[in-house]
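> Fold the stuff below for me.
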Amino acid sequence: MIAYPSTVFRARTWQTALLLAAFAAAAARAGTTPVRVTAHNVNLRASPNPTGDLLGQAGYGDRLSARELGDEWVEIEPPSSVTGWIKAEYVLRPQNTIGANRVNVRAGSSINYNIIDTLPLGTPVEPVGELGEWLQIKAPPTARVWISRQFVDTIADDTPAPAPAPEAPPHAGKAGDAPSAPAPAAPPAPAPAAAATTPIVSPSVPEPDTASAAPGEIPVPPPKDLKLVPLNGQGRLTEVEGTLRAAPLINEAPTHYRVVRWQNNRWQILCHVYGDAGKFRSLKDRKVRVRGREYWIQKAAAPVLVPDRIREIPENPALD
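Modelled structure (predicted):
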């Protein structure tokens with residue numbers, strides 16, 4: 001339950017929050033490195049891997065502030081075009097400040113999206129839209145945003161911007177983390193037809209290959225006994241939070257356990273959990289956070305999650 005402060009306390013909280021936000025923004029900029037984007041339509045993602053939720057795109061010549069320069073991915077300060085989503089019930093109106101202790105900001109209007117920031121009580125936010133129970137806000141200056149390292153160069157602050165490179169022709173394909181390469185003279189080997197961006201329920205399962213895997217990540221093929229629906233993007237990396245419950249002993253249940261959430265006066269199935277039931281038994285009826293590969297199968301209204309990590313949520317978790 002949210003505790004709403006008095007009018008006087010709210011005013012003081014608002015002033016304190018503005019100061020904290022200013023200090024946070026200054027601290028975030030203090031250790032940054034200026035970089036420039038070297039390709040057209042490069043994806044900005046909510047985690048440092050090709051399956052991270054898409055937050056927007058950067059254009060050729062755009063200048064960004066890099067917090068961390070990795071070998072494969074660069075963490076940047078969020079550009080003004082990047083937004084996040086937060087549960088509207090945790091935002092005090094009309095002052096537009098966070099009204100709970102710790103509230104998650106996500107890449108989309110669902111708890112299935114990546115967390116890009118967690119805001120403390122009193123932090124001001126800037127709403128730009130609303131969808132159902134979710135509020136769309138300008139991304140906080142501390143939000144975590146990532147871009148592929150191969151498409152940015154470090155620059156000096158006084159380096160002039162280069163002349164724009166020619167736009168890719170219309171037939172070059174969809175925008176992604178990498179622009180389309182020119183066709184070789186010899187007939188090329190068949191390439192997977194997966195789209196560069198990953199929708200929430202993405203459309204045949206791409207063959208596992210190291211090119212599409214995140215850095216240091218071993219591609220994981222789907223379990224052979226799952227009857228997959230023919231959709232692109234099957235096996236995307238996702239994270240779900242809810243209560244782990246045993247599934248009823250009926251033929252329609254595709255797995256022994258599922259993750260559920262109480263909503264609209266009923267238990268809603270977020271996903272079925274595939275794996276060794278004995279490993280899930282110790283977490284039965286507890287709130288958990290499950291991370292893994294998501295697959296949509298025939299005759300199932302919720303996806304099947306093949307976890308690579310499952311953890312119990314602490315008693316005082318961040319709110320969504």
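
> which residues of this structure score low on pLDDT?
Within the chain, the stretches with pLDDT under 70 are 1-30, 157-221, 249-252, 315-320.

> Which strands border the longest strand that it contains, and is each parallel or antiparallel?
As assigned by DSSP state E, the longest strand anywhere in the chain is strand 236-246. Strand pairing for strand 236-246, using DSSP bridges, gives strand 257-263 (antiparallel), strand 287-295 (antiparallel).

> N104 in helix, strand or coil?
The assignment at N104 comes out as strand when based on DSSP: H, G, I helix; E, B strand; the rest coil.

> burial count for it?
Residue neighbour count, defined by other C-beta atoms under 10 Å, stands at 22 for N104. Quick note: C-beta positions are derived from backbone N, CA and C, even for glycine.

> How about K279?
Neighbours of K279 under the rule other C-beta under 10 Å: 12.

> buried stuff in the longest strand of the chain?
Under the neighbour-count criterion of 16 or more other C-beta atoms under 10 Å, strand 236-246 has 236-245 buried.

> Return it as CSV; C-alpha atoms alone will do.
Output in CSV follows, covering the C-alpha atoms of strand 236-246 (Å, rounded to 0.1, in the frame of the first residue of the first chain):
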residue,chain,number,x,y,z
ARG,A,236,13.9,-14.7,-27.2
LEU,A,237,15.4,-13.9,-23.8
THR,A,238,12.9,-12.6,-21.3
GLU,A,239,12.2,-12.2,-17.6
VAL,A,240,8.9,-12.8,-15.7
GLU,A,241,7.9,-12.0,-12.1
GLY,A,242,5.1,-13.7,-10.3
THR,A,243,4.1,-16.6,-8.0
LEU,A,244,5.4,-20.1,-8.9
ARG,A,245,2.6,-22.6,-8.7
ALA,A,246,2.2,-26.3,-9.5
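
> neighbouring strands for the helix or strand where I137 lies, and are they parallel or not?
Counting by DSSP states H and E, the element that carries I137 is strand 134-138. Strand 134-138 sits in its sheet next to strand 83-87 (antiparallel), strand 127-131 (antiparallel), going by DSSP bridges.

> Ranking those strands by mean neighbour count, which comes first?
The highest mean neighbour count among the strands paired with strand 134-138, using mean count of other C-beta atoms under 10 Å, belongs to strand 83-87: a mean of 23.

> Run through who's touching it.
Outside strand 83-87, the residues that touch it by C-beta atoms under 8 Å, 6 or more residues apart in numbering are 55, 103-110, 113, 116-117, 119, 125, 128-129, 131, 133-140, 143, 319-320.

> ok, of the residues you listed, which come out buried?
Taking 16+ other C-beta under 10 Å as the criterion, what is buried in those is 55, 103-109, 113, 116-117, 119, 125, 134-140, 143, 319-320.

> List just the nearest of the buried residues of strand 236-246 to N41.
Using C-beta to C-beta, R236 comes nearest to N41 of these, at 20.6 Å.

> quick one on the thing from earlier: next, the angle strand 102-106 makes with the strand holding I137.
Angle of strand 134-138 versus strand 102-106, following axes from the mean of the first three to the mean of the last three C-alpha atoms, to 10 degrees, is 80 degrees.

> Helices of the stretch 151-300 of the chain, residue ranges please.
Using DSSP state H, counting those that start in this stretch, the helices of the stretch 151-300 of the chain run over residues 277-280.

> Give me the three-state assignment for Q150.
With three-state DSSP as the basis, the three-state label of Q150 is helix.

> And for it, the neighbour number?
Residues lying near Q150 (other C-beta under 10 Å) number 15.

> returning to what we had before: out of the strands paired with strand 236-246, flag the one nearest E77.
strand 287-295 (25.7 Å).

> For whichever helix or strand comes after the closest one, which strands pair with it and how are they oriented?
Next along the chain after strand 287-295, taking DSSP H and E as the criterion, comes strand 304-312. Partners of strand 304-312 in the sheet, by DSSP bridges, are strand 266-273 (parallel), strand 287-295 (antiparallel).

> okay, those strands, which one's buried deepest?
Comparing the strands paired with strand 304-312 by mean neighbour count (mean count of other C-beta under 10 Å), strand 287-295 comes out on top with a mean of 20.

> how much space between T83 and V306?
From T83 across to V306, the span is 31 Å (C-beta to C-beta, to the nearest Å).

> still on that earlier bit, could I get the strands paired with strand 304-312 as a markdown table with distance to A39?
Converted to a markdown table, these look like this (distance: least, C-beta to C-beta, whole Å):
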| stretch | distance to A39 |
| --- | --- |
| strand 266-273 | 35 |
| strand 287-295 | 29 |
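
> quick one, which of those is nearest to T51?
Proximity to T51, assessed across these by C-beta to C-beta, is greatest for strand 287-295 (9.2 Å).

> Which residues does that closest one contact?
Contacts with strand 287-295, where a contact means C-beta under 8 Å, 6+ apart, come from 205, 220, 222-223, 226, 228, 234-244, 259, 271, 273, 303-313, 317.

> Kindly state the domain boundaries assigned to this structure.
Per automatic domain parsing, the structural domains of the chain span 7-154, 201-320.
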